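Colleague: Any chance you could fold what I've pasted below:
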Amino acid sequence: MITLNFIGLFIMIAGFIIGLGAVTVIDIHGFLGRKSSYWTEATIRTHKVTKPMIWVGMVLAIIGGFIFYRNVPLASVPLYHAIMALVLILNGIFLSFHVSPFLLKRESEDRSGELLPQTLQNKIIVSLIISDIGWWGGLAMLVYYVLNK
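Modeller: Numbering: from 1, shown residues only. Predicted structure coming up:
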């Protein structure tokens, strides 16, 4: 019999798969694009696909978390997940509403092959580190929680 815990965990893991997969793809592109005009252009194109997939992953992970942790106090791993979800949402807002429009503008000006300004690259690097820690750490904490439940 499929239980609500199964459904919640499944949705949460699906969110991690989708979101973390997209984060990994765009992070690798972004890393390669720091010094390469080819990869800068590829990153700009790729982010149009990865950005919505990251948001889909986030929404699924949160919905799954609400279902999976519905009878659990907001402490320990569930608290970590809640805090990290908030941090990742804020990070995503920065990337979606500050970085993405900048990239799209450059593309529309036929400048997508130009390297990004170093100040923006530095902000993106910090953002990618936050994203990696949040997504990979969240997945690790979920595995820890499930194995110790």
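Colleague: residues contacting residue 3?
Modeller: Residues near residue 3 by C-beta atoms under 8 Å, 6 or more residues apart in numbering: none. For glycine as for every other residue, the C-beta is placed from the backbone atoms N, C-alpha and C.
Colleague: Retrieve the pLDDT associated with it.
Modeller: With respect to pLDDT, residue 3 scores 95.
Colleague: Next, work out how far apart it and residue 149 are.
Modeller: Using C-beta to C-beta, to the nearest Å, residue 3 is found at 13 Å from residue 149.
Colleague: swap in residue 88?
Modeller: The span separating residue 88 from residue 149 equals 23 Å under the rule C-beta to C-beta.
Colleague: Kindly report the same for residue 35.
Modeller: As for residue 35, its distance to residue 149 is 45 Å (criterion: C-beta to C-beta).
Colleague: Ok, residue 71 next?
Modeller: 12 Å.
Colleague: Same question for residue 47.
Modeller: With distances taken as C-beta to C-beta, residue 47 is found 36 Å from residue 149.
Colleague: And those two? Which one has more around it.
Modeller: Higher neighbour count among residue 47 and residue 149: residue 47, with 22 against 8, using other C-beta atoms under 10 Å.
Colleague: show me the contacts for residue 30.
Modeller: Residues in contact with residue 30 (C-beta under 8 Å, 6+ apart) are 43, 124, 128.
Colleague: What helix or strand is it located in?
Modeller: helix 4-32 (DSSP states H and E).
Colleague: what about the helix or strand containing residue 86, distance to the chain center?
Modeller: In this structure, residue 86 sits in helix 76-94 according to DSSP H and E. For helix 76-94, the distance between its averaged C-alpha position and the chain's averaged C-alpha position is 10 Å (C-alpha atoms, centre = their mean, to the nearest Å).
Colleague: Next secondary structure after it?
Modeller: Downstream of helix 76-94, the first helix or strand assigned by DSSP H and E is helix 100-108.
Colleague: Sort out which residues of that next one are buried, please.
Modeller: The neighbour-count criterion (16 or more other C-beta atoms under 10 Å) identifies 100, 103, 106 as the buried residues of helix 100-108.
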